[in-house]
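Q: need a structure here:
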Amino acid sequence: QVQLLESGGGSVQTGGSLRLSCAASEYTSSSDCMTWFRQAPGKEREAVAGFDVFGRTTYADSVKGRFTISKDNAKNTLYLQMNSLEPEDTAMYYCALRRRCSGHWYWGQGTQVTVSS
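A: Next up is the predicted model:
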């Protein structure tokens, strides 16, 4: 089964930027749903940004205009460019994949993002 490996997390100050990467161990199709989720301590996991089955991007309201999701199909890699980071963005960020946007999700192990004021 496909494995996902996130990288790029770290600690930054408010207003800083980070770029997360998620490398898949297998081929990923443009019709697969790939999504970035995050989970802060004591909070539920939430979808941050993703691609739907038609390849359209979707964003949580809280990150619109600040985060950009992209993917390189040739490298089977998903990215999340995060700009103007805020302390509220502090969380563990997870990459997830669902083949043809159906069935169960495959998850990475997560990468920590910490934003200090």
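Q: looking at the sheet around the residue nearest the centre of the chain, what are its partners?
A: By CA atoms, centre = their mean, the chain has its centre lying nearest to residue 36, at 2.5 Å. For residue 36, the beta-bridge partners under DSSP bridges are residue 49, residue 95.
Q: Touching, it and residue 93? I think so.
A: Yes. Contact criterion CB atoms under 8 Å: residue 36 and residue 93 qualify, at 6.1 Å. Every residue, glycine included, has its C-beta placed from N, CA and C.
Q: Find the residues that touch each one of those two.
A: 20, 48, 80 (CB atoms under 8 Å, 6 or more residues apart in numbering).
Q: so what's the residue nearest to the centre of the chain up against?
A: Listed by CB under 8 Å, 6+ apart, the contact partners of residue 36 are 20, 22, 47-50, 69, 78, 80, 93-96.
Q: just residue 40 next, same as before
A: By CB under 8 Å, 6+ apart, the residues touching residue 40 are 90-92.
Q: Now render these as CSV, adding pLDDT and distance to residue 55.
A: Formatted as CSV, those follow (pLDDT from 0 to 100; distance: CB to CB, whole Å):
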residue, pLDDT, distance to residue 55
90, 98, 30
91, 98, 26
92, 98, 27
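Q: Most neighbours among those residues, which one?
A: Counting neighbours by other CB atoms under 10 Å, residue 91 leads these with 21 neighbours.
Q: quick revisit: check what pLDDT the residue nearest to the centre of the chain gets.
A: pLDDT, the model's per-residue confidence, is 98 for residue 36.
Q: Distance check, it against residue 107.
A: Distance check for residue 36 against residue 107: by CB to CB, to the nearest Å, it reads 11 Å.
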